[in-house]
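**Q** Sequence and predicted structure, then a few things I'm wondering about:
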Amino acid sequence: MEHFTATVRALSVTLRHLFRRPTTVHYPMEQRERADRMRASFALVHDEHGEEACIACFACERICPSEIITVTAGGKRESPVTGKKRGYLEDFTLDMQACIICELCVQVCPTDAILMTRETEEPGYAREDLLLTMEKLYANEEKKTTTWATATKLMETQDPKRGQPKPVKKPKPKPKPAEEKPAEPKVEAAPAPEKPEEPA
């Protein structure tokens with residue numbers, strides 16, 4: 001009897017879903033609306049002066065748990081815009097095949113040079129398609145929508161003192177006026193005894 005009731009329950013589930021609208025999306029021709037916190041790919045960005053923001057400090061390469069980021073420094077030289085000496089990037093590669101989307105590379109960047117994007121990557125048919133080179137990462141800055149999360153903002157949200165009321169400074173107590181001590185009577189020193197004249 002139990003086998004029969006289990007079969008009926010299974011058929012009832014099938015019949016319930018038989019006339020529902022299909023939820024399948026023909027990706028990538030059709031794409032669902034993504035949540036605001038969606039993180040999918042990466043982009044390298046430029047700073048407010050129009051220069052490459054990355055200074056090749058290797059912070060993202062060192063912190064990556066999957067070891068998929070490779071940074072090649074191009075040496076330090078003077079900036080043609082600001083005139084200050086800074087580091088430049090020669091090459092940057094990020095392998096999306098092993099990326100776990102942890103966003104640690106974004107959090108440690110001192111210049112907010114690497115950001116995550118909200119659009120997913122197009123399907124790749126070769127391993128090279130999932131390897132983001134420096135040219136692809138800079139192209140993502142213009143083609144894709146970057147998230148709000150920069151290293152500066154993420155560090156502010158993780159500040160343990162965030163949201164706590166600022167400590168109220170107590171006014172310093174006014175110093176009490178010094179009590180005047182009674183003047184001590186001056187004791188005149190006794191005159192020194194005269195020495196007797198020695199006989200010649």
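**A** That came in fine, so what should we check first? Numbering: from 1, shown residues only.

**Q** Check which helices and strands the longest helix along the chain sits against.
**A** Using DSSP state H, we find that the single longest helix of the chain is helix 2-18. Helices and strands in packing contact with helix 2-18 are not found; criterion 3 or more Cβ pairs under 8 Å, 6 or more residues apart in numbering; DSSP states H and E. Using the backbone N, CA and C atoms, a C-beta is placed for each residue, glycine as well.

**Q** Of all the residues in the helix or strand just after that helix, which ones are buried?
**A** Moving toward the C-terminus from helix 2-18, the next helix or strand (DSSP states H and E) is strand 41-44. By 16 or more other Cβ atoms under 10 Å, the buried positions in strand 41-44 come out as Ser41, Phe42, Ala43, Leu44.

**Q** Show the contacting residues for the second one.
**A** With contact set as Cβ atoms under 8 Å, 6 or more residues apart in numbering, Phe42 has these partners: Leu94, Cys105, Ile114, Leu115, Met116, Thr117, Leu132, Leu137, Asn140.

**Q** How about Glu48?
**A** Glu48 makes contact with no residue under the criterion Cβ under 8 Å, 6+ apart.

**Q** and it, which of the three is it?
**A** Counting by DSSP: H, G, I helix; E, B strand; the rest coil, the backbone at Glu48 sits in coil.

**Q** Distance check, it against Thr111.
**A** Applying Cβ to Cβ, to the nearest Å, the value for Glu48 to Thr111 is 11 Å.

**Q** now Cys54
**A** Using Cβ to Cβ, we find Cys54 at a distance of 7 Å from Thr111.

**Q** more crowded one of the two?
**A** Cys54 (26 against 18; other Cβ atoms under 10 Å).

**Q** so who does the more buried one touch?
**A** Leu44, Leu89, Phe92, Thr111, Ala113, Ile114.

**Q** Serialize those residues to CSV and add fields for pLDDT, secondary structure and distance to Pro160.
**A** Below are the contacts of Cys54 laid out as CSV (pLDDT from 0 to 100; DSSP: H, G, I helix; E, B strand; the rest coil; distance: Cβ to Cβ, whole Å):
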residue, pLDDT, secondary structure, distance to Pro160
Leu44, 95, strand, 30
Leu89, 92, strand, 33
Phe92, 95, strand, 32
Thr111, 92, coil, 24
Ala113, 94, coil, 26
Ile114, 95, strand, 25
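
**Q** What ranges does this protein have for its strands?
**A** 41-44, 69-78, 85-95, 114-117, 131-132 (DSSP state E).
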